[in-house]
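# Give me a model of this one.
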Amino acid sequence: MSALIKEIKKMEAGPQLVTAEGWVRTKRDSKTVCFIELNDGTCLKGLQVVADKEKFDNNLLSSISTGASIVCEGTLTESLGSDQAVELSASKITLLGEAPESYPLQKKRHTLEYLREIAHLRPRTNTIGAVARVRSTMAYAVHKFFQENGFYYVNTPLITASDAEGAGQMFQVTTFDLDNIPKTEEGKIDYSKDFFGKKTNLTVSGQLEGETYATALRNIYTFGPTFRAENSNTKRHLAEFWMIEPEMSFCTLEGDMEIAQNFLQYIFKYTLEHCEEDMDFFSKFVEPGVKDTIIHVSESPFVHMTYTEAIKELEKSKDKFDYKPFWGCDIQTEHERFLAEEICKSPVIVTDYPKEIKSFYMKLNEDGKTVRAMDVLVPRLGEIIGGSEREAGLDLLQQRMKELGLREEDYWWYLDLRRFGSVPHSGFGLGFERAVQYVTGMQNIRDVIPYPRAVKQADF
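Next up, the predicted model:
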């Protein structure tokens, strides 16, 4: 296997023979020399290949165009240009695959909207290629953090008969012939005849199943796809996205917040260290100053405040908001950003939310009005992590489910965790695409996942 272009660019000039493989980004000609920028996707800026026209067949050089795949052999020489230390003086070029003029990625600036229409080719662009490298690095950092801190990786099911959020916005899974759906005598759909014998859906979260393993292995994390049938055609929503959800036994809200902060800062620092070239690109061309924002978040202590304290601060500036804050409201993105950017000027963790706006499994505080929930808010985005201490008491959990109209028979196995050796336990969720979007400064979440799934969009 030949060296990667990112490795070749770090080599010193010398007489040793070097082989570089990749796709042509640009080609320009002078009277005697052909200059080719060759990129294999391992770095932002490619390797400059210099071909002396006297040494190569003119038909070969004419066949090489933007998008073509080639193999170049030659020696590295010191580059006269300021953008690279070395360049490849080619002695042999092999054309592997031509790219005609119909190749959609010619040498010009393409809009991100256009690139979504050719999602199978867009990774070859600077922007989406950089996103892909950052996404890969962040995914590795996620596993690295948890593995280094005693967590076990658990794969939770994608098909489920329960709704972790109680939201009901789920994609149904069925093998029924939709033109001939079996019905009961009462005229209702007879799910007993479906593949699983009951109504099933694609999961919105692996949290509940994750808790079962946390109460056996102590600390676990999930990292996999989740699905929401939410009819939201915005820059912030996807129908299919990846979630990171750790669950920790013998852990209260205080421990949950500590782990969330350490985790977020770890993956940010790791990405800054291992994707320096790409982060500089994003900070210069995509979101000015995004690199400085990520550095700030990765190095700053997180401020803590309760929901009640946050509302009091927001009410002082209520005239600045489209949605007026009040105690009991669900804090909006404009409020979250104001708290992080204007009031705290740093990441902030808001805790103890009203129970009415949070999920059934969150532990009730002694005041009977709030739950031990927490949201991590960061500048420029707002909420990036949501979590809580889970309700460990069987009676209290059953009472909460009854209040929300949830059927105990649908969660019998979840309630068993409170019947048999219940312990304080906590966890949180981080939407991976939201985190990648934040780090890169990309404005549309559909540009940070290889193949976005959204309303009326399931191509490729």
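# quick one, helices of the stretch 1-150 of the chain?
If DSSP state H, counting those that start in this stretch is used as the criterion, the helices of the stretch 1-150 of the chain fall at 5-8, 58-63, 112-116, 126-148.
# pLDDT on the lengthiest strand in the chain, on average?
Ordering each strand of the chain by length in residues (DSSP state E) puts strand 14-29 first. Average pLDDT, strand 14-29: 95.
# elements contacting it?
On a contact count with 3 or more C-beta pairs under 8 Å, 6 or more residues apart in numbering; DSSP states H and E, strand 14-29 meets helix 5-8, strand 33-39, strand 47-52, strand 69-78, strand 86-97. Every C-beta, even on glycine, is put in place using the N, C-alpha and C of the backbone.
# Of all the ones you listed, which one is nearest P15?
Of all the helices and strands packed on strand 14-29, it is strand 69-78 that lies closest to P15, at 5.8 Å by C-beta to C-beta.
# now the angle from that closest one to strand 14-29?
Taking axes from the mean of the first three to the mean of the last three C-alpha atoms, to 10 degrees, one finds that strand 69-78 is oriented at 120 degrees with respect to strand 14-29.
# Show me the contact partners of strand 69-78.
Defining contact as C-beta atoms under 8 Å, 6 or more residues apart in numbering, one finds that strand 69-78 is touched by 8, 11-24, 36, 38, 49-50, 64, 85-97, 99.
# Including mean pLDDT and mean neighbour count, could the helices of the stretch 1-150 of the chain go into CSV?
Output for these, formatted as CSV (pLDDT from 0 to 100; neighbours: other C-beta atoms under 10 Å):
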stretch, mean pLDDT, mean neighbour count
helix 5-8, 96, 18
helix 58-63, 94, 12
helix 112-116, 95, 15
helix 126-148, 98, 19
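# Could you dump those into TSV with distance to K188 added?
Supplementary listing: the helices of the stretch 1-150 of the chain in TSV, determined by distance: least, C-beta to C-beta, whole Å:
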stretch	distance to K188
helix 5-8	60
helix 58-63	65
helix 112-116	41
helix 126-148	43
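# Quick check: which of those is nearest to D280?
With C-beta to C-beta as the criterion, D280 lies closest to helix 126-148 of these, at 9.8 Å.
# just the angle between that closest one and strand 33-39, please?
Counting by the same axes, to 10 degrees, helix 126-148 lies at 40 degrees to strand 33-39.
# Report pLDDT for G168.
pLDDT, G168: 56.
# Equivalent analysis for D83, please.
What the model reports for D83 is a pLDDT of 80.
# Let me see the contact set for it.
Residues in contact with D83 (C-beta under 8 Å, 6+ apart) are K45.
# hmm, try it at 10 Å
E37, K45, Q48 (C-beta atoms under 10 Å, 6 or more residues apart in numbering).
# So for I311, which of the helices of the stretch 1-150 of the chain sits nearest?
Here helix 126-148 is closest among these (C-beta to C-beta), at 32.6 Å.
# for that closest one, packing partners?
Here helix 126-148 touches helix 112-116, strand 152-153, strand 219-227, strand 240-249, helix 253-274, helix 276-281, helix 432-440, going by 3 or more C-beta pairs under 10 Å, 6 or more residues apart in numbering; DSSP states H and E.
# and Y414, which of those is closest to it?
Per C-beta to C-beta, nearest to Y414 of the helices and strands packed on helix 126-148: strand 240-249, 12.5 Å.
# What strands line up against the closest one, and which way round?
Sheet pairing for strand 240-249, assigned by DSSP bridges, gives strand 219-227 (antiparallel), strand 425-431 (antiparallel).
# residues near T75, how many?
For T75, the neighbour count with other C-beta atoms under 10 Å is 15.
# Could you measure from it over to A20?
Look at T75 and A20: by C-beta to C-beta, to the nearest Å, they are 11 Å apart.
# Need the residues touching each of the two.
L88, A90.
# Could you check how many residues crowd around F338?
22.
# swap in E408?
12.
# separation between it and S205?
From E408 over to S205 (counting by C-beta to C-beta), the distance is 19 Å.
# Mind checking the helices of the stretch 1-150 of the chain for the one nearest to T32?
Judging the helices of the stretch 1-150 of the chain by C-beta to C-beta, what sits closest to T32 is helix 58-63, at 11.8 Å.
# and that closest one, what does it pack onto?
Using 3+ C-beta pairs under 10 Å, 6+ apart: helix 58-63 touches strand 14-29, strand 33-39, strand 86-97.
# angle of the first one against strand 47-52?
When you say that, I think you mean strand 14-29. Interaxial angle of strand 14-29 relative to strand 47-52 (the same axes, to 10 degrees): 80 degrees.
# Number the chain from 428, please
Let's use 428 as the start, then, which means that last one is strand 441-456.
# Can you mark which positions in strand 441-456 are buried?
V445, A447, E448, G449, W450, V451, R452, K454 (16 or more other C-beta atoms under 10 Å).
# what's across from the fifth one in the sheet?
Listed by DSSP bridges, the beta-bridge partners for W450 are N466, S496.
# for it, what are its contacts?
W450 touches 464-468, 473, 493-497, 523-524, 526, 532, 551, counting by C-beta under 10 Å, 6+ apart.
# where does the stretch 578-727 of the chain have low pLDDT?
The model of the stretch 578-727 of the chain has pLDDT under 70 over residues 591-595.
# Looking at the contacts of D510, which is nearest P774?
Of all those, the one sitting nearest P774 is K472; the distance, using C-beta to C-beta, is 32.4 Å.
# Contacts only, for the closest one.
I432, K433, K436, R452, E464, N466, D510, Q511, N553, E704, F708.
# do the same with Y648
569-570, 572-574, 576, 578-581, 633, 637, 640-641, 671-675, 690, 854.
# So among those, which ones count as buried?
Among the contacts of Y648, those scoring as buried are 569, 572-573, 578, 581, 633, 637, 640-641, 671-675, 690, 854 (criterion: 16+ other C-beta under 10 Å).
# between the residues you listed, which is closest to A559?
Within these, proximity to A559 (C-beta to C-beta) peaks at V569, which comes in at 15.8 Å.
# re earlier: which one among the contacts of D510 gets closest to G651?
Nearest to G651, judged by C-beta to C-beta, of those is K472 at 33.7 Å.
# I figured T760 was touching L808, is that so?
Yes. If you go by C-beta atoms under 10 Å, T760 and L808 touch, sitting 8.2 Å apart.
# Who is the residue nearest to G577 when sequence neighbours are not counted paired with across the strands?
In this structure, G577 finds its nearest non-sequential neighbour in N646, 5.6 Å apart by C-beta to C-beta, 6 or more residues apart in numbering. Beta-bridge pairing for N646 (DSSP bridges): M675.
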